[in-house]
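Colleague: sequence plus predicted model, see below.
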Amino acid sequence: MSSVTPSEIIALVREHQVRFLRLQFTDILGVNKNVEIPASQVKKALEGDILFDGSSIEGFVRVEESDMLLAPDLSTFKIFPWGEPGARVARLICDITMPDGTPFAGDPRGVLKAQVARAASMGFTMNAGMEAEFFLFKLGPDGVPTRDTHDVGSYFDLTPVDLGEEARRAIVIALEQIGFEIEAAHHEVAHGQHEIDFRYADALTTADNLATFRFVVRNVAQQFGMHASFMPKPIYGQNGSGMHTHQSLFRAGENAFHDPRGAYELSTTAHHYLGGLLQHARGMSAITNPLVNSYKRLVPGYEAPVHVAWSLRNRSPLIRVPARRGTGTRLELRSPDPSANPYLALAVMLAAGLDGIETEASSREPVHENIWEMSHRERRRLRIDDLPRDLNEACDELEKDEVVCAALGPHITEHFLAAKRQEWRDYVTQVSEWELREYLAKY
Ligand code: MG
């Protein structure tokens, strides 16, 4: 944590002529929320004195306990790169507390902080890097997002520059201006699909970064008349968007996953952590893949995982161990998608890994064959499970997984499951285009 003081922030606000300050947090469903205050109220905000009505936020509180406080984390102060001087906007990421200052059990950032503290008590720091893929779609004349990608058929297009590529470059520049270290930016497999990778950091910083990343990407895209969507599978028949999460534990500044003498040059700690991820893969799906639509990505044939297994080479399994060793030794969990709440997703991954370490979970053997091509029988023989097939099954698995529920705490578990069960009921009672096409004439 940096040691930024309130007076330093007040000085920056003056110097850069910041007009508004956004107090940012995410709700349980991972949606960025903010309370915006004018510059005149900054001092009050820095003292953690901004009350807001928690009952207006999905899954936050019951009506009788609706007053919550925003407690800003001063190290997260950033001025957004757009806006003229005098109309600039800055932000601070906040923790949510009860009016008496105690942490609020429904705050996802608090849930991650608790797991980070648990890791610290075991001597570990988690480092994580998240690769959030997204689509850039054109906005319709009415401002409503379409699914037209500017680059479809761009081969025949006479415009010299692809609007999507141009927008992506502008996004990278904006991200760099607020301090992101961008390692790579490229077009992904599907039409209009992009990926921008920023440098890994400790788990809390990465979750904060991901929340900011989604906001900046959407904002800059809009300036180009485009909509950036983090929906996991917007187009049938094309790759969906993943949020592959690279993770490792450090102990006393050293990568605790590396051991030159260990199997595959991985330490016992890494093997147990991997075992924990495998063991809780089904239980944490509802958190890492929280939408009805998430499960349309997790199907064979689109570079997304379907089965619970790991590999050193193959891209089809749930967990891949990239070739890098030494400080860069890490595990890549490939199931999460970018609609996930980054705080809760990192919290349950860390909880699963730490549980693996505590219970000395087995990492089993890596699987190098293409699992999609194996028969059901073969998979059974190798004890390769399937990930949940839909959100309903994922909710059942979450409810059964005590480690994941304990990490989320009863408040979030209860509110999250209630919201997701409702989402599922809404979905299954719809009559879809597919059904009409298949059944209406035939029956
Ligand atoms: Mg990718």
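Modeller: Structure's in. What do you need?
Colleague: where's stretch 138-154 relative to the chain centroid, distance-wise?
Modeller: The chain centre lies 25 Å from the centre of stretch 138-154; the measure is CA atoms, centre = their mean, to the nearest Å.
Colleague: hmm, I typed the wrong one, I wanted stretch 127-141.
Modeller: Offset of stretch 127-141 from its chain centre (CA atoms, centre = their mean): 11 Å.
Colleague: go on, stretch 34-49?
Modeller: 27 Å.
Colleague: output that stretch as PDB, nothing but the C-alphas.
Modeller: In PDB, the C-alpha atoms belonging to stretch 34-49 read as follows (Å, rounded to 0.1, in the frame of the first residue of the first chain):
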ATOM      1  CA  ASN A  34     -19.800   5.100  -8.000                       C
ATOM      2  CA  VAL A  35     -21.000   8.100  -6.000                       C
ATOM      3  CA  GLU A  36     -19.800  11.300  -7.700                       C
ATOM      4  CA  ILE A  37     -19.000  14.300  -5.600                       C
ATOM      5  CA  PRO A  38     -18.000  17.800  -6.600                       C
ATOM      6  CA  ALA A  39     -14.400  19.000  -5.800                       C
ATOM      7  CA  SER A  40     -15.800  21.000  -2.800                       C
ATOM      8  CA  GLN A  41     -16.600  17.700  -1.000                       C
ATOM      9  CA  VAL A  42     -13.200  16.100  -1.400                       C
ATOM     10  CA  LYS A  43     -12.000  16.700   2.100                       C
ATOM     11  CA  LYS A  44     -15.100  15.200   3.600                       C
ATOM     12  CA  ALA A  45     -14.800  12.100   1.300                       C
ATOM     13  CA  LEU A  46     -11.100  11.600   2.300                       C
ATOM     14  CA  GLU A  47     -12.200  11.500   5.900                       C
ATOM     15  CA  GLY A  48     -14.600   8.700   5.000                       C
ATOM     16  CA  ASP A  49     -17.600  10.700   5.700                       C
END
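Colleague: mind starting the numbering at 29 from now?
Modeller: In the new numbering, first residue 29, that becomes stretch 62-77.
Colleague: surely residue 433 is in a helix?
Modeller: Yes. Residue 433 sits within a helix when classified using DSSP: H, G, I helix; E, B strand; the rest coil.
Colleague: please identify the helix or strand for the nearest residue to it once chain neighbours are set aside.
Modeller: Among residues not flanking residue 433 along the chain, residue 441 sits closest, at 4.9 Å (CB to CB, 6 or more residues apart in numbering). Just so you know, the C-beta spots here come from the backbone N, C-alpha and C atoms, and that holds for glycine as well. Element membership for residue 441 (DSSP states H and E) is helix 430-456.
Colleague: give the buried residues for that helix.
Modeller: 431-433, 435-437, 439-441, 443-445, 447-448, 451-452 (16 or more other CB atoms under 10 Å).
Colleague: could you identify the helix or strand that succeeds the helix or strand of the chain with the lowest mean pLDDT?
Modeller: Least confident helix or strand of the chain, by mean pLDDT, DSSP states H and E, is strand 78-81 with a mean of 81. Helices and strands here follow DSSP H and E; after strand 78-81, the next one along the chain is strand 95-100.
Colleague: could I get the full set of helices for the stretch 229-378 of the chain?
Modeller: Ranges of helices within the stretch 229-378 of the chain are 231-251, 296-307, 309-316, 322-325, 370-387, based on DSSP state H, counting those that start in this stretch.
Colleague: let me know the average pLDDT across the third one.
Modeller: Right, helix 309-316. Throughout helix 309-316, pLDDT has a mean value of 98.
Colleague: tell me the gap between it and the middle of its chain.
Modeller: 13 Å.
Colleague: which strand runs longest in the chain?
Modeller: strand 153-166 (DSSP state E).
Colleague: who's in contact with the following helix or strand past it?
Modeller: Using DSSP H and E, the next helix or strand after strand 153-166 towards the C-terminus is helix 191-205. If you take CB atoms under 8 Å, 6 or more residues apart in numbering as the criterion, helix 191-205 is touched by 109-110, 164, 177-179, 210, 213, 215, 220, 222, 224, 226, 241, 244-245, 247-249, 251-254.
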